[in-house]
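Visitor: Requesting a structural model of the entry that follows:
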Amino acid sequence: MNKLRVAVIGTGMIANAAHFPALNELRKKGLVEVVGVADIREEAAAETAKRHAVPNYYQDPQKMLDELKPDFVAVCTPNVYHKKWTIAALRAGAHVACEKPMAVSLADAQEMFAVAEECNRHLFPCQCMRWRNYMQQAKYMVENGEIGEPYFSDIAFIRRYGIPTWGMFHMKEHNFGGPFCDLGVHLIDALFWIVGNPKVEAVSGSAYTKIAGKGEDVLISIAESGAYDGVFTPRPYDYREFSVEEFATGFMRLQGGMSVNFKFSWAINLPTKNLDMVICGDKGGISLNNEMLYRNVGKYQAETKLKWFDNGKYKGVPFEQHRYMYENIMDTLAGKAEYLITKEQNLEVTKAIECFYKSADLGREVHVKELEAK
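Guide: Next up, the predicted model:
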């Protein structure tokens, strides 16, 4: 495979802290050439281009696509613009990696995949949490029958006060949703993958905004809000623009009888709890956060402390999952592997997203059949 000519649309935190470190690894190996970046904020595009030695920057992504004709595009914009720029890049002849959530409605996701197939291009959803070591280990244990048949899970990603304040995360017209879109999709996708890719039947959810709109000045590190490497050219934050949920909670029913409780927060008066996942089966249970296996030994109850060694080459590197993701993308494009995330799996995550927000708006459970009928 010839050196891949790459362009990046959206030069915010995730592009600089996750995509560029992964792309820079590939640049060192002579596998890719980053030819351009684009952002509606010209100063952000210029800063990113300078920081990463990219020869071209644009304020208009379409102009970049037309002039540079890249082979591959990373779409790192706010959620509302994922569909627009993914389709534009596909139609310009590029393969696309689209940040999570790839889409916030089933119809949009289906259209994006349809365009990729029409253009004979790959569309890579960036549900990268699957590459985290503990997610891989949990999948191995479930697949090997350590807990039997999974039938219940409790997932949570709680930030006591960790609102992203450097972009448009908090603005519904640009990002569509809050922590459910930002944090929840990671755990939902990883859970579905771990337990065998069940289909969503229905979601009952509630969304709250009680704290963020007060504009209280609470001290918290920007790393605890998700920007582990900081932010270089942040957009000014104004709490009066906050129009998404700050806390999402609810219940999902999956085909086959499994049920899932969930809690995702940017702001709530609870202790911070990152990436908490419990999976219960008829033979045992796993707590990923506590690294515990709960099973019976003979007639006795037992709790086994697991040692999940991470021998990966990117261990301890912030956003290491993106580096593994890009290696999988390169192998897929070279015909050496299949991408870890399939179209069908990604559509289930999108169904969960759309059902949750409809449920929160309507105040009742929403069944997937309601989306498909539309």
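Visitor: how about the helices of the stretch 201-350 of the chain, start to end?
Guide: 320-333, 343-362 (DSSP state H, counting those that start in this stretch).
Visitor: Looking at the ones you listed, spot the one closest to K29.
Guide: Ranking the helices of the stretch 201-350 of the chain by their distance to K29 (criterion: C-beta to C-beta) puts helix 320-333 first, at 9.2 Å. All C-beta atoms are positioned from the backbone trio N, CA, C, and that covers glycine.
Visitor: Give me the residues contacting that closest one.
Guide: 1, 4, 18-19, 21-23, 25-26, 31, 72, 95, 97, 122, 124, 126, 128-132, 312, 314, 317, 337-340 (C-beta atoms under 8 Å, 6 or more residues apart in numbering).
Visitor: picking up where we left off before, and the helices of the stretch 201-350 of the chain as TSV, adding mean neighbour count, mean pLDDT and distance to P198?
Guide: Output for the helices of the stretch 201-350 of the chain, formatted as TSV (neighbours: other C-beta atoms under 10 Å; pLDDT from 0 to 100; distance: least, C-beta to C-beta, whole Å):
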stretch	mean neighbour count	mean pLDDT	distance to P198
helix 320-333	21	97	23
helix 343-362	21	98	8
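Visitor: closest one to V115 among these?
Guide: helix 343-362 (12.2 Å).
Visitor: Can you work out which other helices and strands pack against the closest one?
Guide: helix 106-118, helix 185-194, strand 200-208, strand 247-254, strand 366-367, helix 368-373 (3 or more C-beta pairs under 8 Å, 6 or more residues apart in numbering; DSSP states H and E).
Visitor: tell me what the second one is packed against?
Guide: Just to be clear, that refers to helix 185-194. Where contact means 3+ C-beta pairs under 8 Å, 6+ apart, helix 185-194 is packed against helix 133-143, strand 150-158, strand 259-265, strand 273-281, helix 343-362.
Visitor: export these to JSON lines and tack on distance to A302?
Guide: Putting the helices and strands packed on helix 185-194 into JSON lines (distance: least, C-beta to C-beta, whole Å) gives the following:
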{"stretch": "helix 133-143", "distance to A302": "15"}
{"stretch": "strand 150-158", "distance to A302": "19"}
{"stretch": "strand 259-265", "distance to A302": "25"}
{"stretch": "strand 273-281", "distance to A302": "15"}
{"stretch": "helix 343-362", "distance to A302": "33"}
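Visitor: Of all the ones you listed, which one is nearest Y228?
Guide: strand 273-281 (11.7 Å).
Visitor: Partner strands of the closest one, with direction?
Guide: Partners of strand 273-281 in the sheet, by DSSP bridges, are strand 150-158 (antiparallel), strand 284-287 (antiparallel).
Visitor: the inter-axis angle of it versus helix 133-143?
Guide: Put simply, strand 273-281 runs at 10 degrees to helix 133-143, going by axes from the mean of the first three to the mean of the last three C-alpha atoms, to 10 degrees.
Visitor: relative to helix 185-194, how tilted is strand 273-281?
Guide: Using the same axes, to 10 degrees: strand 273-281 against helix 185-194 is 20 degrees.
Visitor: relative to strand 259-265, how tilted is strand 273-281?
Guide: Here strand 273-281 runs at an angle of 180 degrees relative to strand 259-265 (the same axes, to 10 degrees).
Visitor: Quick check: the spatially most central residue of the chain vs W131, distance?
Guide: Nearest residue to the geometric centre of the chain (C-alpha atoms, centre = their mean): K100, 3.8 Å. In this view, K100 and W131 are 13 Å apart by C-beta to C-beta, to the nearest Å.
Visitor: Repeat that for F152.
Guide: 25 Å.
Visitor: With V32 as the reference, measure out to the nearest residue to E146 once chain neighbours are set aside.
Guide: Spatial nearest neighbour of E146, chain neighbours left out: G284 (6.0 Å); criterion: C-beta to C-beta, 6 or more residues apart in numbering. To V32, G284 is 43 Å away according to C-beta to C-beta.
Visitor: Repeat that for F169.
Guide: Distance from F169 to V32, by C-beta to C-beta: 28 Å.
Visitor: the more surrounded of these two?
Guide: Neighbours around F169 and V32, counted as other C-beta atoms under 10 Å, are more numerous at F169. The numbers are 26 against 21.
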